[in-house]
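Colleague: Need coordinates for the below:
(2 chains)
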Amino acid sequence: MTFASTLAKARAEGRALLTEVEAKQALAEAGIPVVETLLATSREEAMAVAERLGFPVVLKIVSPDIAHKSDVGGVKLNLPDQEAVGRAWDEIMASVRAAEPNARIEGVSVQRMAKPGIEVIVGMTTDEQFGPVMMFGLGGIMVEVLKDVSFRLVPLEEKDAAEMIDEIRARPILDGVRGQPGADIGALRKLLLDVSRFVESHPEVRELDLNPVFAYPNGAVAVDARLVVATE
Amino acid sequence: MGVPGHRLDRMFNPRTVVVIGDKGPGYMWIHNNLPFKERGGKLYSVQIDPAQIPGIEALGVQNFTSLKDIPEPIDYAVVAVPRQVAPRVLRDLIEVGAAGAAFFTSGFAETGEETGIRLQQELQQLAREANFNLVGPNCMGLYIPKLGVRFSVDAPVADDGRIGFLSQSGTHSIMFSLVCGVLGLHLSRAASFGNAIVLDVADYVEYLAEDDETDVIAMYVEGARDGRRFFETLKAAAKRKPVVVWKGGQTDAGARATMSHTASLATPQAIWDGIMRQVGAITTNSLDETVDVVQALVRVKRPRGKRMALLAQTGGQSVSITDAFAKVGFEVPRFAPETYAKLGEFFNIIGGSYQNPLDMAGTVQGNPEVLARILRIVDEDPNVDGMAMEMSAMFGVRHWKRNPEAFERMLDVLAQHQQRSAKPFLIVMHPVHEEQWLAENRRKFIERGFALYPNFERAAAALARVAGLL
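Modeller: Next up, the predicted model:
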């Protein structure tokens, strides 16, 4: 599905928030590295898709009515084999139906567990006064508690992407501390520039979270994506 | 000479200025602009109230009862009429082809009441349709010191202004020009633009960026109507000359419905800070910070690095000056061995030190030649990117009062150093109990082009902002 048709579908359904599968497809289409994530609409399909992607996998509920998937028991991590995937399907469906009986359920998303890296967040929002703005920060505690993030207006220049990364207080962590591997700064800069270009060419995008992005010594990949579009 | 062809050029280089609706007993606007007349400009008044006219004529300004009777094309008008008359005056200004006008008149949208809002909309619509350069309303208008066009009777008239200043606040623009004036820093052009219903900050920035009489642009803003245009204009301006932005007003996040993490973190302040870095502006938080950084931009050579040599008069001050500069991100490195060797030849280490920071009063002993020698040696040190020197009013003024020539000689030594050196040089003198002496002698610093700060912290912060450390 192209971004245009995804957008049309979401709008037809009155949705501002794209599903994770839709969001990642749109990003992948724009050349932004995301963990490949596929929709499975049945238990059997989930097991087959998992087999194809390779274990361990993650299953997440896909529903236009559910914004916070883990709150309703809609996420199962680290599933090692097909049997575990089947069980996870049953458990997710049971707990989501119990928590949100009226939610429309499209199925589950299946993705391979990404190899851990340094967690960063790359985001975008639309400011009333200034328009689209990009954000960068370290994921987890750094962003939740310390709000250690940087902002620049779209479109970013290379200098802006470099400065966004360099000006956060936790910057030394990206170089690797206490024997931890560092992050591929070049890949993060490119990611920021690619997202900026994506946003620039799709003014319908109002908000975007790539959270977390796993940054590795070589490369970086968006593990989860949240994409909000203007509904008209 | 200004920016030929720009829509604001005529207004910013007026030959004919008209004050509309000025009133006694003060006749503030005529008084403000009398220097314009003294400097050869044509200054007229428009006032229909017969009771006010004799007072205007007594000031030597010709009065007309209609704008249309004025014999010259009007380049700039100051409008000080009651608000309900403002739209009619604007219509007349448009009809006679005036190049621009500032509306001192207030009582518009800033009041929040219906009549004010309606009248403001009327002005806005009239001006926009006619593409008229309306400054304000609710503002103090333009200040062009070289021409004697002023927004305050106290604001200096000066030919050497190189600083452009823009402000939403009238008080801040007047205060900035007065505080700068005390320091001998003069403005090229300023605009207090109040409600900014037609011309917004970006329009003025665009002009000052191109104006060859403006070397530095400083501004006080609370917000911009068109955020994108503000961003683009500021970015283009900062590529050409230093831009200093003093942001006023606590930014209010308000209650925003957001679906993403990014949106919840994107407070107006956080976005603003990012934008300022993106455009390459220097940011300040107060009038004094703004004046301080402007003084450094005008009088101090640009730092090539952050390694400072600090020259204090006593031990306690050498610690404090180091704390102040280190706190804002400067380094205070060890001197190169040859510097130590040269200083060691004559430095009195009993009660002094020629480590960086220097504790030098005991060595200089009021002798300008010794000071000159120290300055030359430190300036040549390859580990030093910039220098800041304390002068002690507490110990020095007593001698300088007795022997003013010694004081002049010392200043000349410092001036020679500043001329020779390629590195930034700042002088810090706390006035202590000698405020009055400093006030009387400040011009000696100004004449020599010194950047003079009243304490270490302000000097350090000013240079840090120029160096991009703050």
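
Colleague: Low-confidence ranges, the chain, go.
Modeller: No chain was given, so I picked chain A. Counting by pLDDT under 70, chain A has low-confidence residues at A:1.

Colleague: sorry, should have said chain B
Modeller: In chain B (pLDDT under 70), the answer is B:250-258.

Colleague: How about chain B: which residue is closest to chain A?
Modeller: residue B:262 (2.8 Å; CB to the nearest CB). C-beta: built from backbone N, CA, C; applies to glycine.

Colleague: For that residue, list the residues it contacts.
Modeller: By CB atoms under 8 Å, 6 or more residues apart in numbering or on different chains, residue B:262 lies in contact with A:121, A:123, A:124, A:125, A:135, A:207, A:208, A:209.

Colleague: Next SSE downstream of whatever helix or strand the last one lives in?
Modeller: Applying DSSP states H and E as the criterion places residue A:209 in strand A:205-215. For strand A:205-215, the following helix or strand on the C-terminal side (DSSP H and E) is strand A:220-222.

Colleague: How far away from the center of its chain is the very next helix or strand once past that following strand?
Modeller: Under the assignment DSSP H and E, the closest C-terminal helix or strand after strand A:220-222 is strand A:225-229. Distance, stretch centre to chain centre, for strand A:225-229: 8 Å (CA atoms, centre = their mean, to the nearest Å).

Colleague: neighbours of residue A:42, just the number please.
Modeller: 11 (other CB atoms under 10 Å in any protein chain shown).

Colleague: Would you tell me which residues of chain A are close to chain B?
Modeller: Neighbours of chain B within chain A, by CB under 8 Å from any CB of the partner chain: A:16-17, A:67, A:121, A:123-127, A:129-131, A:133, A:135, A:137, A:143, A:147, A:149-153, A:160, A:163-164, A:167, A:207-209, A:211, A:226, A:228.

Colleague: Buried among the residues you listed? Need that as a selection in PyMOL.
Modeller: Isolation of the buried members of the residues of chain A next to chain B (16 or more other CB atoms under 10 Å in any protein chain shown) is achieved in PyMOL through the command below:
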select buried, chain A and resi 16+17+121+123+124+125+126+127+129+130+133+135+137+143+149+150+151+152+153+160+163+164+167+207+208+209+211+226+228
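
Colleague: Residue of chain A closest to chain B, please.
Modeller: Counting by CB to the nearest CB, chain A gets nearest chain B through residue A:123, at 2.8 Å.

Colleague: and that residue, what does it touch?
Modeller: By CB under 8 Å, 6+ apart, the contact list for residue A:123 reads A:134-136, A:207-211, B:260-263, B:265.

Colleague: host element of it?
Modeller: Using DSSP H and E, residue A:123 sits within strand A:118-127.

Colleague: Partner strands of that strand and their direction?
Modeller: Sheet pairing of strand A:118-127 (DSSP bridges) gives strand A:131-138 (antiparallel), strand A:205-215 (antiparallel).

Colleague: between it and strand A:225-229, how many degrees?
Modeller: Put simply, strand A:118-127 runs at 0 degrees to strand A:225-229, going by axes from the mean of the first three to the mean of the last three CA atoms, to 10 degrees.

Colleague: just how off-centre is strand A:118-127 within its chain?
Modeller: Its chain's C-alpha centre and that of strand A:118-127 lie 10 Å apart, by CA atoms, centre = their mean.

Colleague: Tally up the residues packed near residue A:198, please.
Modeller: Applying other CB under 10 Å, we find 21 residues neighbouring residue A:198.
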